[in-house]
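In: Any chance you could fold what I've pasted below:
(one chain, ligands or ions: 2)
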Amino acid sequence: MPVPADNGIEVEDLVRQFKNGPRAVDGISLEVKPGEIYGFLGPNGAGKSTTVHMLTTLLPPTAGIARVAGFDVATEGPLVRQVIGAALQEAALDPHLTGNEHMRLQTALQGLDREDRRARGTELIDRVGLSDAADRKVGGYSGGMKRRLDLALALVHRPRVLFLDEPTTGLDPQSRSALWEEVTRLSKEDGVTVFLTTQYLEEADQLAERVGIIDAGRIVAEGTPAELKAEIGRPSVEVVPRDPARADESAAILKRFGRPVPAAGEALGVRLSEGIDELVGIVRAFDEAAIELASLVLNEPTLDDVFLARTGHHLEGDEGAGDSGEIPLPDGATAG
Ligand SMILES: Nc1ncnc2c1ncn2[C@@H]1O[C@H](COP(=O)(O)OP(=O)(O)O)[C@@H](O)[C@H]1O
Ligand SMILES: [Mg+2]
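Out: Ligands and ions are numbered 1, 2, ... in the order given. Presented below is the predicted three-dimensional model:
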């Protein structure tokens, strides 16, 4: 196997224009440092999988340059493929084979010798927590078990760069944390570079060292989760007046406390100019104006705020909006 100079990823102005289709990736540039976990966060259809397909040489770029471990994806495909592992969204598993049988096939395909095969297979199956299910047919596996097996198969040849396309979408919490643990271990202990796509804010926030936020084929923000949230800075407040006819008055009150921000549904949002201490003032102001609130929600800055600030809309399909501290009100319907 060729020894790469380092195992980072460099992407410059990468484009993928589908024939008679969208410009799914519209000139993205990014850099992933060796051994880093990079989270590629974006909603459905943002261009995440198309990017991964180009970086793993499954799809040729229309324009731009991408190097994986120093190898050009367009001209050095075979070298790229030797140093990467990939667990893609559409895992190619045979329902009639067991976990162990998949592993035996994969270790043989990757050219491990006979003695190594069993030991490596057992180690990987164990590492993703599938030992008890290893002799069952994959057809009976849960979604999470399939994703974990797919990850184990991608690790057989000890890749230096690992691509995971939405590895935890639809997973139960237990499978999700098992996967997070293994990804962290691969990066920290083995120095594997991990390029991981996700729709989950929480996953990008907790697992990734650096995050690129993609929307409609373009990177709209990049940095560590802490840097990105610090750009937003102060928390926001969302209120829903019980009487929709009083929305304008409510908006005028909120404006006294900061800059209006988009909010979902009937809610009105404001980014607090001073901070959380203003909450009392807001409650008092609504009380004085005799405007009843159906709900009042305080939101610490999240990556969704970063997304919203850059794109004007929320990330779809997110179930883990995270840091929202909701203050219950009498028969309060929640905002959004
Ligand atoms: N093979 C293809 N042909 C035409 N359009 C495609 C193809 N694959 C993806 N697309 C389109 O490209 C856009 C980005 O898709 P994708 O990269 O799969 O997004 P994501 O993985 O972020 O959900 C979408 O509009 C999708 O419909
Ligand atoms: Mg996808």
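
In: show me where pLDDT drops low in the stretch 1-150 of the chain?
Out: 1-5 (pLDDT under 70).

In: mind redoing it with 90?
Out: Along the stretch 1-150 of the chain, the parts satisfying pLDDT under 90 run over 1-5, 20-21, 89-92, 110-116, 143-144.

In: Would you map the helices across it?
Out: Assigned by DSSP state H, counting those that start in this stretch, the stretch 1-150 of the chain shows helices spanning 48-55, 77-83, 99-109, 114-127, 143-154.

In: closest to I37 out of those helices?
Out: Nearest of these to I37, taken as Cβ to Cβ: helix 143-154 at 14.0 Å. Just so you know, the C-beta spots here come from the backbone N, C-alpha and C atoms, and that holds for glycine as well.

In: Where is the longest helix in this protein?
Out: For the chain, the longest helix by residue count, based on DSSP state H, is helix 173-190.

In: near ligand 2, which residues of the protein?
Out: By Cβ under 5 Å from the ion, the residues of the chain that approach ligand 2 are 48-49.

In: Taking the chain, what residue is nearest to ligand 2?
Out: Nearest to ligand 2 in the chain, going by Cβ to the ion, is S49, at a distance of 3.1 Å.

In: just checking, A289 touches L254?
Out: No: checked against Cβ atoms under 8 Å, the pair A289 and L254 is beyond contact range at 11.2 Å.

In: So for these two, which residue has more residues nearby?
Out: Neighbours were counted for A289 and for L254 using other Cβ atoms under 10 Å; L254 has more, 24 against 13.

In: The closest residue to S29 other than its chain neighbours pairs with what?
Out: Computed as Cβ to Cβ, 6 or more residues apart in numbering, the closest residue to S29 that is not its neighbour in sequence is E12, at 5.2 Å. Beta-bridge partners of E12, counted by DSSP bridges, are I65.

In: Pick out the residue closest to the middle of the protein.
Out: T198 (2.3 Å; Cα atoms, centre = their mean).

In: Contacts only, for that residue.
Out: T198 makes contacts with 39-41, 166-169, 204, as judged by Cβ atoms under 8 Å, 6 or more residues apart in numbering.

In: can you redo those residues as JSON lines with distance to L298 and neighbour count?
Out: Formatted as JSON lines, the contacts of T198 follow (distance: Cβ to Cβ, whole Å; neighbours: other Cβ atoms under 10 Å):
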{"residue": "G39", "distance to L298": "26", "neighbour count": "24"}
{"residue": "F40", "distance to L298": "29", "neighbour count": "29"}
{"residue": "L41", "distance to L298": "23", "neighbour count": "31"}
{"residue": "E166", "distance to L298": "30", "neighbour count": "22"}
{"residue": "P167", "distance to L298": "32", "neighbour count": "30"}
{"residue": "T168", "distance to L298": "28", "neighbour count": "25"}
{"residue": "T169", "distance to L298": "29", "neighbour count": "17"}
{"residue": "A204", "distance to L298": "22", "neighbour count": "26"}
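
In: before we move on, back to that, can you convert the helices of the stretch 1-150 of the chain into a markdown table and add a column each for mean neighbour count?
Out: As requested, the helices of the stretch 1-150 of the chain are exported to a markdown table (neighbours: other Cβ atoms under 10 Å):
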| stretch | mean neighbour count |
| --- | --- |
| helix 48-55 | 24 |
| helix 77-83 | 17 |
| helix 99-109 | 19 |
| helix 114-127 | 16 |
| helix 143-154 | 23 |
